[in-house]
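Colleague: Compute the structure for the input listed below.
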Amino acid sequence: MLVKVFGSAVFGIEATTITVEVNIDKGIGYHLVGLPDNAVRESSYRISAALKNNGYKLPGKKITINMAPADLRKEGAAYDLTLAVGILMASKQIASENISEYLIMGELSLDGTLQPIKGALPMAIKAREEGFTYFILPKENAEEAAIVNDLKVLGVDSILDVIRHFNKEEKIVPTIVDTRSEFYKNMETPEFDFSDVKGQESIKRCMEIAAAGGHNIILIGPPGSGKTMLAKRLPSILPPMTLHEALETTKIHSVVGKTKNNGLLYQRPFRSPHHTISDVALVGGGQYPQPGEISLSHNGVLFLDELPEFKRSVLEVMRQPLEDREVTISRAKFTITYPSSFMLVASMNPSPSGFFNDGTNPLASSPQEMQRYLSRISGPLLDRIDIHIEVTPVPFDKLSDERKGESSIDIRKRVTAAREVQAKRFEAYKNLHYNAQMHVRQIREFCQLSNESKELLKIAMERLNLSARAYDRILKVSRTIADLEKETRILPHHISEAIQYRSLDREGWLG
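Modeller: Here you go, the predicted structure:
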């Protein structure tokens, strides 16, 4: 008897429906075709043990299974349940009515219980697109898949639950998640708050500007000055994610199995990889490509602590994703594109000793040592960082002050208002949402200066020896400062503040 059941395969962050054809005929043998990997081939042992331990068995006949389309590689153990249900139906051990309405995925243990799978959300989205009514999968993934409307998600603990469901002995209750109410209920709960930060008012202002315009930022300061503390609080002042952004971010995390029992991600991601990370782990890839840290931080923040300690090759592979806001991984037979629109926040000590050039400090470094340390970061990478700011240690009187600083929620209101101005400004452009994404044409259109502002910028560039690459960055940042103040024009004081945020372009800042 021939039976067709349906599963799903994930490529990149999109799913493809897999048709599993099971044919049982006279003879002996178990034949699995359709480009399965080793984990899929080993499924026969797991299925056999799981069925036997639950009072069922593999039929002692010739079993031929084809996984179509046969030219796509099938990976992982998540097809165990699909294959097992196909075998049981083809051998008439369970009823096969309306099986075409079901998408079935799950990894079997030897006792028949189910292990969680990766990529449940993309699979559920594809199932709804292709008109499936039901999606059977492990209970641990049910909340994640139930984010998708108009699809009945049936979370199960074991293969026995599935058998009873099809034999109409015991119905599985669908998992229901009110996506919109859950999403809006969890938006206003930042884990870290700017009110915890003592002093550093100028740096907080700088972080607010970076958040308002989506600008990449680098913090330069000695150990203990608060660089990491400030960076961890940046997501709390970014505008809340839209439902579309939350779904897109959750899909990426689902593919790598980081959303079990969590459902929809409500907070913007914050990723902080160690400086020993490889270039493949950062941008994604591998023999069977997976998203890297830059894609996991999509719609959020990527924090690189101690930037000069990262390998040069790791930093250089970030240049293209920073510009294009997506990363493309090419193999001989296929190409996968992962989104990577993130804010880069980097921190670094000014020198190997950790201190600036200061004659009063016995640990201070010379300008030459500072320059050698800084030269570990390439010019093209620094060119993609809009804001450079020096962070100095907090004095005792600020540390001992009992008063709370301004909360993240209050700062976020100003940031969100500025982002709304930018969204309206760029509504005619498809992939342009905030000031940091502007190219030369938009800079010339939206960052026009008065004669007074032009003169100020000219004097600053000549006197402070600012590099040519600083020009456009200053205009972008000054546009954001004007948006925060609800000014349609860029005024001279906006330019002067933006100039302060280009420390690494000024000759002589090393001392």
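
Colleague: What spatial separation is found between residue 333 and residue 35?
Modeller: 11 Å (C-beta to C-beta, to the nearest Å). Bear in mind the C-beta positions are built from the backbone N, C-alpha and C, glycine included.

Colleague: which one of those two has more residues nearby?
Modeller: residue 35 (14 against 8; other C-beta atoms under 10 Å).

Colleague: Report the buried residues of the helix or strand where residue 16 lies.
Modeller: Assigned by DSSP states H and E, residue 16 falls within strand 14-25. If you call a residue buried by 16 or more other C-beta atoms under 10 Å, then strand 14-25 has these buried ones: 14, 15, 17, 18, 20, 21, 22, 23, 24.

Colleague: Kindly export that strand (C-alpha atoms) in PDB.
Modeller: Only the C-alpha atoms of strand 14-25 are listed here, as PDB (Å, rounded to 0.1, in the frame of the first residue of the first chain):
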ATOM      1  CA  GLU A  14      12.400  29.600   4.700                       C
ATOM      2  CA  ALA A  15      10.800  26.200   4.800                       C
ATOM      3  CA  THR A  16      10.100  23.800   1.900                       C
ATOM      4  CA  THR A  17       7.400  21.100   2.100                       C
ATOM      5  CA  ILE A  18       8.700  17.600   1.900                       C
ATOM      6  CA  THR A  19       6.400  14.700   0.600                       C
ATOM      7  CA  VAL A  20       7.200  11.400   2.200                       C
ATOM      8  CA  GLU A  21       6.000   8.500   0.100                       C
ATOM      9  CA  VAL A  22       5.800   5.200   1.900                       C
ATOM     10  CA  ASN A  23       5.200   2.000  -0.100                       C
ATOM     11  CA  ILE A  24       4.900  -1.500   1.500                       C
ATOM     12  CA  ASP A  25       5.100  -4.500  -0.800                       C
END
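
Colleague: how far off strand 14-25 does the helix or strand following it point, in degrees?
Modeller: Going down the chain from strand 14-25, the next helix or strand is strand 29-33, by DSSP H and E. If you take axes from the mean of the first three to the mean of the last three C-alpha atoms, to 10 degrees, strand 29-33 sits at 150 degrees to strand 14-25.

Colleague: Give me the sheet partners of strand 29-33 and which way each runs.
Modeller: strand 62-68 (parallel) (DSSP bridges).

Colleague: Please identify the buried residues of the partner strand?
Modeller: 63, 64, 65, 67.

Colleague: Can you check which residues contact both of residue 333 and residue 35?
Modeller: Common neighbours of residue 333 and residue 35 are not found (criterion: C-beta atoms under 8 Å, 6 or more residues apart in numbering).

Colleague: Specify the residue ranges that define each domain of this structure.
Modeller: 2-177, 193-352+373-392, 438-511 (automatic domain parsing).

Colleague: Could you provide these in CSV, with additional columns for mean pLDDT?
Modeller: Output for those, formatted as CSV (pLDDT from 0 to 100):
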stretch, mean pLDDT
domain 2-177, 93
domain 193-352+373-392, 88
domain 438-511, 85
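
Colleague: Go through this structure and flag its longest helix.
Modeller: helix 408-425 (DSSP state H).

Colleague: Report the mean per-residue pLDDT for it.
Modeller: The pLDDT scores in helix 408-425 average 93.

Colleague: Identify all contacting residues around that helix.
Modeller: 188, 190, 192-195, 204, 208, 211-213, 233, 236-240, 433-435, 446, 480, 483-484, 486.

Colleague: beta partners for residue 153?
Modeller: Using DSSP bridges, the bridge partners assigned to residue 153 are residue 135, residue 175.

Colleague: Tell me who's in contact with it.
Modeller: Contacts of residue 153 by C-beta under 8 Å, 6+ apart are 124, 134, 135, 137, 142, 145, 146, 174, 175.

Colleague: Take the residues you listed and, keeping just the buried ones, write it as a PyMOL select command.
Modeller: Buried subset of those, written as a PyMOL selection, criterion 16+ other C-beta under 10 Å:
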select buried, resi 124+134+135+137+142+145+146+175
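
Colleague: so what's the residue nearest the centre of the chain closest to, chain neighbours aside?
Modeller: Among the residues of the chain, residue 296 comes closest to the average C-alpha position under C-alpha atoms, centre = their mean, at 2.5 Å. Leaving aside its chain neighbours, residue 296 sits nearest to residue 271 (5.4 Å; criterion: C-beta to C-beta, 6 or more residues apart in numbering).

Colleague: State the number of residues packed around the one you found.
Modeller: Residue 271: 18 neighbours (other C-beta under 10 Å).

Colleague: gap between it and residue 191?
Modeller: Distance from residue 271 to residue 191, by C-beta to C-beta: 14 Å.

Colleague: do residue 418 as well
Modeller: Distance, residue 418 to residue 191, using C-beta to C-beta: 23 Å.

Colleague: Those two - which one has more neighbours?
Modeller: residue 418 (25 against 11).

Colleague: Would you map the strands across the stretch 201-350 of the chain?
Modeller: Along the stretch 201-350 of the chain, the stretches classed as strands by DSSP state E, counting those that start in this stretch are 217-220, 270-271, 284-285, 290-291, 301-304, 326-330, 335-339, 343-348.

Colleague: would you turn those strands into a markdown table with distance to residue 48?
Modeller: Formatted as a markdown table, the strands of the stretch 201-350 of the chain follow (distance: least, C-beta to C-beta, whole Å):
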| stretch | distance to residue 48 |
| --- | --- |
| strand 217-220 | 57 |
| strand 270-271 | 41 |
| strand 284-285 | 36 |
| strand 290-291 | 30 |
| strand 301-304 | 45 |
| strand 326-330 | 37 |
| strand 335-339 | 34 |
| strand 343-348 | 50 |
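
Colleague: Which one of those lies nearest to residue 502?
Modeller: Counting by C-beta to C-beta, residue 502 lies closest to strand 217-220 out of those; the figure is 10.7 Å.

Colleague: Dump the closest one to CSV, keeping only the CA atoms.
Modeller: The C-alpha coordinates for strand 217-220 follow below in CSV (Å, rounded to 0.1, in the frame of the first residue of the first chain):
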residue,chain,number,x,y,z
ILE,A,217,28.9,53.4,17.9
ILE,A,218,32.3,52.7,19.5
LEU,A,219,33.1,53.4,23.1
ILE,A,220,36.7,54.1,24.1
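
Colleague: Please consider this matter closed, and thank you.
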